[in-house]
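Colleague: here is a sequence with its predicted model. Questions after.
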Amino acid sequence: MAKALDVLCLGELLVDLVSKDGGRTFTCCAGGAPANVAVACARLGLRTSFIGKVGNDHFGRFLIRAVADFGVDTGGIRIGETGTTLAFVYVDETGERRFEFRRGADACLEPREVDRRRLTGCRVFHFGSISMIAEPSRSATLRAVETARKSGAIISFDPNLRLNLWDGEAKARRMIARGLRMADIVKINDGELRFMFGDGLDDGVDRILRHAERVFVTMGPKGCYYADREQRGYLDVPEVEVVDRTGAGDGFMGGVIFGVLRGWETRRTAAFANCVGSLVVMRVGAMPSMPTIEEVLRFARERGIEI
């Protein structure tokens with residue numbers, strides 16, 4: 001039976017309050033890594049839905065409208081009495097970011113609030129580690145992964161480590177390791193890989209491949225490393241003018257999911273995802289910067305990148 005959804009993402013949908021002047025002024029943007037991935041997938045033409053929780057407040061209503069405007073189905077979003085989660089993002093002159101969080105409704109998602117029909121009707125289920133930090137969203141996430149897996153979904157995981165949200169490094173490693181063991185596809189950045197496994201890139205990738213089928217390691221301006229059980233290698237990132245790095249990894253993740261659903265081999269998938277991430281950094285904001293499939297293919301063609 002055909003699945004109703006190509007992609008279902010679960011996790012944090014929050015307000016990014018972005019400051020580029022040391023905290024004197026802030027711009028309000030929709031954010032949250034799994035939500036950004038959902039928008040990336042929808043912009044690429046995939047049938048995409050999101051499961052999460054926001055507050056019964058102005059911010060929550062703003063977020064639901066924002067992701068809906070980008071083509072994401074919002075029927076799985078629940079509204080609670082706890083305030084919407086806020087992330088304060090401080091961007092320096094090089095584009096590097098520092099985060100502070102006020103956790104709220106996203107952490108309050110309960111297992112009973114997760115729509116089982118969406119879980120059983122998706123081809124890819126994507127999640128991250130932030131929803132596994134505390135109860136009840138931890139149980140909601142773990143049960144959702146298991147339900148989606150039993151229904152035949154491909155499980156996609158991006159740790160998106162925010163260590164200041166965790167109660168110690170040991171707990172973060174333990175829960176991220178659990179996420180890695182559940183995943184078929186893993187996107188992880190080089191810093192997260194070192195945090196989990198030490199300095200050996202190949203050793204860390206090999207350990208992930210004990211459970212996963214494909215691993216993609218993003219390395220910022222140094223490009224990406226891709227691996228499965230038959231091939232592995234590096235790809236340089238296309239040279240572009242960096243305006244805002246916010247959401248680049250989430251765009252890359254969306255590109256990976258697109259390639260997997262197209263049945264592409266791992267190197268081709270990585271090349272496509274690299275192009276998506278590169279386009280994201282050329283514009284301001286995460287969700288508004290996610291490109292369409294036409295934009296990605298044109299970008300690749302203009303730079304002689306084979307996809």
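Modeller: Received, thanks. Numbering: from 1, shown residues only.
Colleague: output the below-cut-off pLDDT ranges for this structure.
Modeller: 1, 95 (pLDDT under 70).
Colleague: mind listing the strands for it?
Modeller: All strands of the chain, identified by DSSP state E, fall at 5-10, 14-19, 27-31, 48-55, 73-80, 86-91, 97-102, 122-128, 154-158, 185-189, 214-218, 224-227, 232-235.
Colleague: export those strands to a markdown table and tack on mean neighbour count and distance to residue 171?
Modeller: C-beta here means a position set from N, CA and C on the backbone, and glycine is covered the same way. Converted to a markdown table, those look like this (neighbours: other CB atoms under 10 Å; distance: least, CB to CB, whole Å):
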| stretch | mean neighbour count | distance to residue 171 |
| --- | --- | --- |
| strand 5-10 | 28 | 20 |
| strand 14-19 | 22 | 21 |
| strand 27-31 | 20 | 24 |
| strand 48-55 | 28 | 22 |
| strand 73-80 | 18 | 24 |
| strand 86-91 | 18 | 20 |
| strand 97-102 | 14 | 16 |
| strand 122-128 | 26 | 15 |
| strand 154-158 | 24 | 17 |
| strand 185-189 | 26 | 18 |
| strand 214-218 | 25 | 23 |
| strand 224-227 | 24 | 27 |
| strand 232-235 | 15 | 30 |
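Colleague: so can I have TSV of those showing distance to residue 136?
Modeller: Below are the strands of the chain laid out as TSV (distance: least, CB to CB, whole Å):
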stretch	distance to residue 136
strand 5-10	13
strand 14-19	17
strand 27-31	22
strand 48-55	10
strand 73-80	11
strand 86-91	20
strand 97-102	18
strand 122-128	15
strand 154-158	20
strand 185-189	25
strand 214-218	30
strand 224-227	35
strand 232-235	38
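Colleague: what about these, which gets the closest to residue 42?
Modeller: strand 48-55 (4.3 Å; CB to CB).
Colleague: that closest one: partners in the sheet, and parallel or antiparallel?
Modeller: strand 5-10 (parallel), strand 73-80 (parallel) (DSSP bridges).
Colleague: out of the ones you listed, flag the one nearest residue 178.
Modeller: With CB to CB as the criterion, residue 178 lies closest to strand 5-10 of these, at 15.1 Å.
Colleague: and the closest one, how far out from the chain's middle?
Modeller: Here the centre of strand 5-10 is set off from its chain's centre by 12 Å, with CA atoms, centre = their mean, to the nearest Å.
Colleague: what do you get for stretch 6-16?
Modeller: Using CA atoms, centre = their mean, the offset of stretch 6-16 from its chain centre is 8 Å.
Colleague: return the alpha-carbon coordinates of it using CSV.
Modeller: Output of stretch 6-16 as CSV, limited to C-alpha atoms (Å, rounded to 0.1, in the frame of the first residue of the first chain):
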residue,chain,number,x,y,z
ASP,A,6,7.1,10.9,2.1
VAL,A,7,8.5,12.4,5.3
LEU,A,8,7.4,12.8,8.9
CYS,A,9,9.6,14.8,11.3
LEU,A,10,9.2,14.9,15.1
GLY,A,11,10.8,17.3,17.5
GLU,A,12,11.2,20.9,18.5
LEU,A,13,9.4,23.7,16.7
LEU,A,14,10.5,26.9,18.4
VAL,A,15,11.1,30.6,17.9
ASP,A,16,14.6,31.7,17.1
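Colleague: pull the contacting residues for the residue nearest to residue 116 when sequence neighbours are not counted.
Modeller: Excluding the flanking residues, the one nearest residue 116 by CB to CB, 6 or more residues apart in numbering is residue 147, at 6.4 Å. The neighbourhood of residue 147, defined by CB atoms under 8 Å, 6 or more residues apart in numbering, consists of 116, 119-120.
Colleague: with residue 148 instead?
Modeller: 8, 119-120, 122, 125, 155.
Colleague: if we can go back for a sec, PyMOL command to pick out the buried ones of the contacts of residue 147?
Modeller: Taking 16 or more other CB atoms under 10 Å as the burial criterion, the selection of buried members of these in PyMOL is written as:
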select buried, resi 119+120
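Colleague: between the contacts of residue 147, which is nearest residue 199?
Modeller: Ranked by distance to residue 199 (CB to CB), the contacts of residue 147 are led by residue 119 at 37.5 Å.
Colleague: in this structure the closest one contacts residue 151, no?
Modeller: Yes: counting by CB atoms under 8 Å, residue 151 is a contact partner of residue 119 at 6.5 Å.
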